[in-house]
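Asks: The following comprises the amino acid sequence and a computationally predicted model.
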Amino acid sequence: MNTIASLKIGQKGIISEESLDIIPLKLLEMGCLPGAEISLIQIAPLKDPLYICVNGSHLAIRKETASKIKITNDNCTNG
Amino acid sequence: MDKKSIQVSLIGNPNTGKTSLFNQLTGLHQKVGNYPGITVDKKQGVCELSSEKEAIITDLPGTYSINPTSVDESIVLRAIQNKTDKNYPDVILVVTDVENLKRNLLLFTQVQDLGIPTILAINMVDQMEKKGISINLPVLEKELQTKIVLISAKKNKGISELKEAINNYSILQSVTNFSSVAKKIDPDYFESLQKIVPTESLYTLWLQLTQQHFAEKKNQNLENFSHDVSKLKKYQHKETIYRYQKINEILKKTYTVDTANATDLRSKLDKIFTHRVFGYLIFFGLLLLIFQSIFDWATVPMDFIDALFADFSEFAKQKLPEGMFTDLLTDGIIPGIGGVVIFIPQIAILFFLIAILEETGYMSRVVFLMDKIMRRFGMSGKSVIPLISGTACAIPAVMATRTISNWKERLITILVTPFTTCAARLPVYAILIAIIIPSKKVFGFLKLQGLALLSLYILGFAAAIIAGYILNKSLNVKSKSFFVIEMPNYQIPSFKNVFLSVLEKTKSFVFDAGKIILAISIVLWFLATNGPSSYANIEKQVTENVVNKNLSKQELEQKIAATKLEKSFIGIAGKTIEPVVKPLGYDWKIGIGLITSFAAREVFVGTLATIYSIQEVDNTTIFVPFKNVKAFFSEKEEEDNSTIRKRMQAEINPVTGKKRFNFATGMSLLVFYAFAMQCMATLAIVKRETQSWKWPLIQLFGMGALAYISALIVYQFLK
């Protein structure tokens, strides 16, 4: 299954419901919720961290965290 | 008659313009205090509401949630839970950013559930049209059961309405919706929780239960209640989900964004600033600008301050009657204060530039760029700001680590920051370089001396980074928190915010470092001007000894001063440690310099000046070396005529008959000052920030050992 870390720049996905317990509380509170659309804006030059946008929040998280959060592919991946 | 005052707490996410609003409401009527027991600054200000009423506004640190993950954030919870505190809020003002309203409302619903009257301020409404946002205010107010004020803190809009709302806070009802959330999570569980303390609100109990870790006073009644951590965590997750569900429902009815109008400036700038080549180039360019400012621009006001304190000391010496007290004032206190004040220009300029970079949102991009690199050395991207700040002074730098939520990364950053070349090392470096490195050019344009200084800066950074690597491998500190940073929108910095930030940081340097440096300067002055019983007769003895040598009055006075220092407590201490520092190429005079450097490193120069009986530079020695620094980089051949340099250059080692400050000794001293932890003020701040003596002692002895061994190797190798 895909995770945030497997997205390419510009791609979008939906955070899967089963990730609820894996997402750190702080990240949830910052808008990274199951069912929300997440898009990968940029990857840092050394491949880590990742710059994401979810629920209007622009955040940078480490690959380590991103690779634990599962996503389902959005219909409009070409966005 | 005293005014009636209302206690207001200002709460909001970072990057919502909370600070702008605070500055707008309180102007310059601000003060920074401390929360008892902890170290986070407590920013307060007074806002006039009417002729009879004023609001005491407490600006709480920015946070995304009431559940804290860093020291800064834990303050918020403490501030609004302690009902006995004199600043316990009558009303809470939650500041939100219109663009990120959804996320901002999470914090609002948490705060509202505390049962304290709450006003919602939606900031940056001047951006609404540009971003295509529209809000149905009456419905939103009704749904959120609160008073909402639309403001633009930067454009000073809606502020008077906000004051009005604060003034009329008593009409607000306290609303708590937590019981409905609790019912959705686990009704039985929360019912039994409520039963433990029926008089307390359920949400307060829930917070106490989940935050036992941060709570000031533990609620004894909760000790026996279920502490299954994974269950608590799961329920917290559910709580957040339900809160967001409700917010989504409300916003669906009241908040619309027409994305067609949205501008794309952010992504364009992001492409440049986080680019794998340009991103780093821009960052290093900015670093060069910062160093340029410290070396060049800051020297103008420093020159002025130096002269001012020297004149003042001289003036006091002439006007006051001779005696112990005058000596203390002119030789201890005034130069002591001068030694602190002289660094203000460098520190203020550095924090001015950092504040601008932070205000624009650029700093978050630096964190993004540098995180992976810094992680290899046990730190985080957020450690970059403290390390840059460390080139001015380690004290505000150590305090800047508070935003790092991972304790291990924060601790390592605190421990290695003093390796970066702070302003106080500069005078020592400058004078030594001027003595041991010839004023020659290499490759036709680079001055060897400038190159040497640059190498010392790189040495400092390298030491910090290598120490981080070693600490990362060897420290066994558990820390669970993970890394996240918001990438805020780019903004034009507000002059007021930048100005107030510089003021605050400079103040914290002057008072935190200042009082310690001053206290030690006075102690050192006492030890340098007093000695065992025979000390009183020195003047007579010296006069008798040299009676036939035809010395001028001035020479005689210098001779007396030097002998006095030699026989003083400090002179004795210098002689005592001579065997220890001898393998490094130092004599007892340099030993004294090392000891006095514990007040602050730059004192080294002044101490040597006294030992070598240099009269004219008594109080101006701190700055003298800075003129060298400029010469290191300037194209012109400037003749350095400072007495201290000449005198140090002429000093002879009686054993070898050669120069005392030869290349080997000079290099050994440079390396020693690069590594040694010779700053009591920093040690005190590290103790305060880590809440333990363990870490500052590790710093003191670890860095001391490194300095000693490196200096030993350098000297033995070069001599």
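Replies: Sure thing, it's come through.

Asks: from here on, contacts and neighbour counts on C-alpha atoms
Replies: Noted.

Asks: Minimum distance to chain A, which residue of the stretch 351-500 of chain B gives it?
Replies: Proximity to chain A, evaluated over the stretch 351-500 of chain B using C-alpha to the nearest C-alpha, is greatest for B:Glu486 at 4.4 Å.

Asks: Need the nearest residue in space to that residue, chain neighbours excluded.
Replies: The shortest distance from B:Glu486 to any non-neighbouring residue, by C-alpha to C-alpha, 6 or more residues apart in numbering or on different chains, is to A:Leu59 (4.4 Å).

Asks: which other helices and strands contact the helix or strand hosting the one you found?
Replies: Per DSSP states H and E: A:Leu59 is located in strand A:57-61. Helices and strands touching strand A:57-61, by 3 or more C-alpha pairs under 8 Å, 6 or more residues apart in numbering or on different chains; DSSP states H and E, are strand A:50-54, strand B:484-486.

Asks: can you pull out the helices in the stretch 401-550 of chain B?
Replies: Listed in chain order, the helices of the stretch 401-550 of chain B (DSSP state H, counting those that start in this stretch) span residues B:407-416, B:425-436, B:448-474, B:495-508, B:514-529, B:538-545.

Asks: mean pLDDT for these: which is lowest?
Replies: Sorting these by mean pLDDT places helix B:538-545 lowest, at a mean of 75.

Asks: buried sites along that one?
Replies: Buried positions in helix B:538-545, judged by neighbour count with 16 or more other C-alpha atoms under 10 Å in any protein chain shown: B:539, B:542.

Asks: Which strands border the helix or strand of chain A with the lowest mean pLDDT, and is each parallel or antiparallel?
Replies: None of the helices or strands of chain A scores lower by mean pLDDT, DSSP states H and E than strand A:71-73, at a mean of 86. With DSSP bridges as the test, strand A:71-73 is paired with strand A:12-15 (antiparallel).

Asks: Going toward the C-terminus from the strand it pairs with, what's the next helix or strand?
Replies: Defined by DSSP H and E, the subsequent element after strand A:12-15 is helix A:25-29.

Asks: contact partners of that next one?
Replies: Residues outside helix A:25-29 that contact it (C-alpha atoms under 8 Å, 6 or more residues apart in numbering or on different chains): B:64-65, B:69, B:103, B:106, B:236-237, B:240-241, B:484.

Asks: just checking, next helix/strand downstream of that helix?
Replies: Next element after helix A:25-29 (DSSP H and E): strand A:37-43.

Asks: what bridges to whichever residue of chain A sits closest to chain B?
Replies: Minimum separation of chain A from chain B (C-alpha to the nearest C-alpha) falls at A:Leu59, amounting to 4.4 Å. On DSSP bridges, the residues paired with A:Leu59 through beta bridges are A:Ile52, B:Glu486.

Asks: How about the contacts made by it?
Replies: For A:Leu59, the contacting residues are A:51-53, B:484-487, by C-alpha under 8 Å, 6+ apart.

Asks: I am assuming B:Tyr203 contacts B:Phe178, so please confirm or correct that.
Replies: Yes. Using C-alpha atoms under 8 Å, B:Tyr203 is in contact with B:Phe178, at 6.2 Å.

Asks: intersection of neighbour lists for those two?
Replies: Between them, B:Tyr203 and B:Phe178 share the contacting residues B:Asp113, judged by C-alpha under 8 Å, 6+ apart.

Asks: Would you mind listing what in chain A touches chain B?
Replies: Chain A comes close to chain B at residues A:20-21, A:24-31, A:33, A:44-46, A:48-49, A:55-62, A:65, as judged by C-alpha under 8 Å from any C-alpha of the partner chain.

Asks: Can you flag the buried ones in those?
Replies: Using 16+ other C-alpha under 10 Å, the buried ones in the residues of chain A next to chain B are A:20-21, A:24-31, A:33, A:44-45, A:48-49, A:55-62, A:65.

Asks: and B:Tyr255, what pLDDT?
Replies: At B:Tyr255, the pLDDT value in this model is 90.

Asks: what does the stretch 51-200 of chain B put close to chain A?
Replies: B:64-65, B:69, B:99-100, B:102-103, B:106.

Asks: So which of the contacts of helix A:25-29 wins on neighbours?
Replies: B:Ser65 (27 neighbours; other C-alpha atoms under 10 Å in any protein chain shown).

Asks: Could you grab the helix/strand/coil label for that residue?
Replies: coil (DSSP: H, G, I helix; E, B strand; the rest coil).

Asks: mind checking the backbone torsions on it?
Replies: Backbone dihedrals for B:Ser65, given as degrees, to the nearest 10, come out at phi -160, psi 160.

Asks: What of B:Glu578?
Replies: phi -50, psi -50.

Asks: what's around the residue lying closest to it once chain neighbours are set aside, how many residues?
Replies: Counting by C-alpha to C-alpha, 6+ apart, B:Trp588 is the residue found nearest to B:Glu578 once chain neighbours are left out, at 5.0 Å. Counted with other C-alpha under 10 Å, residues neighbouring B:Trp588 total 21.

Asks: What score does B:Trp588 have for pLDDT?
Replies: For B:Trp588, the predicted pLDDT is 86.

Asks: And for B:Glu359?
Replies: In this prediction, B:Glu359 carries a pLDDT score of 88.

Asks: and if you look at B:Thr643?
Replies: For B:Thr643, the predicted pLDDT is 65.

Asks: any chance you could read off phi and psi for B:Asn82?
Replies: Dihedral angles of B:Asn82 (phi, psi; degrees, to the nearest 10) stand at phi -90, psi 100.

Asks: So what does the residue nearest to it when sequence neighbours are not counted look like in phi/psi?
Replies: Ranked by C-alpha to C-alpha, 6+ apart and with sequence neighbours excluded, the top spatial neighbour of B:Asn82 is B:Tyr88, at 6.6 Å. Backbone torsions of B:Tyr88, given as degrees, to the nearest 10, read phi -60, psi 130.

Asks: B:Tyr88 and B:Ile6 touch, don't they?
Replies: No. Counting by C-alpha under 8 Å, B:Tyr88 sits too far from B:Ile6 to count as a contact (10.0 Å).

Asks: For the stretch 201-350 of chain B, what lies in contact range of chain A?
Replies: Checking the stretch 201-350 of chain B against chain A by C-alpha under 8 Å from any C-alpha, the hits are B:234, B:236-237, B:240-241, B:274-276.

Asks: for the spatially closest residue to A:Pro24 that is not a sequence neighbour, what are its contacts?
Replies: What sits nearest to A:Pro24 in space, not counting adjacent residues and going by C-alpha to C-alpha, 6+ apart, is B:Phe482, at 8.0 Å. B:Phe482 makes contacts with A:24, A:65, B:405-406, as judged by C-alpha under 8 Å, 6+ apart.

Asks: how deep is B:Val175 tucked in, by neighbour count?
Replies: B:Val175 has 18 neighbours, counted by other C-alpha under 10 Å.

Asks: do the one 3 residues further on as well
Replies: Close neighbours of B:Phe178, defined as other C-alpha under 10 Å, add up to 22.

Asks: Over stretch B:200-216, what's the mean pLDDT, rounded is fine.
Replies: pLDDT averaged over stretch B:200-216 gives 76.

Asks: correction: stretch B:168-188
Replies: Mean predicted lDDT for stretch B:168-188 stands at 88.

Asks: Kindly report the same for stretch A:46-66.
Replies: For stretch A:46-66, mean pLDDT rounds to 91.

Asks: which SS state does B:Gly45 fall under?
Replies: strand.

Asks: Okay, B:Gln211 and chain A: tell me how far apart.
Replies: 13 Å (C-alpha to the nearest C-alpha, to the nearest Å).

Asks: OK, contacts around the closest residue to that residue other than its chain neighbours?
Replies: Distances taken as C-alpha to C-alpha, 6+ apart place B:Asn67 nearest to B:Gln211, at 7.4 Å, with adjacent residues excluded. Residues in contact with B:Asn67 (C-alpha under 8 Å, 6+ apart) are B:73-74, B:77, B:207, B:211.

Asks: got it, and B:Met680?
Replies: Counting by C-alpha under 8 Å, 6+ apart, B:Met680 touches B:516-517, B:598-600.

Asks: if we go to 7 Å?
Replies: Going by C-alpha atoms under 7 Å, 6 or more residues apart in numbering or on different chains, B:Met680 touches B:598-599.
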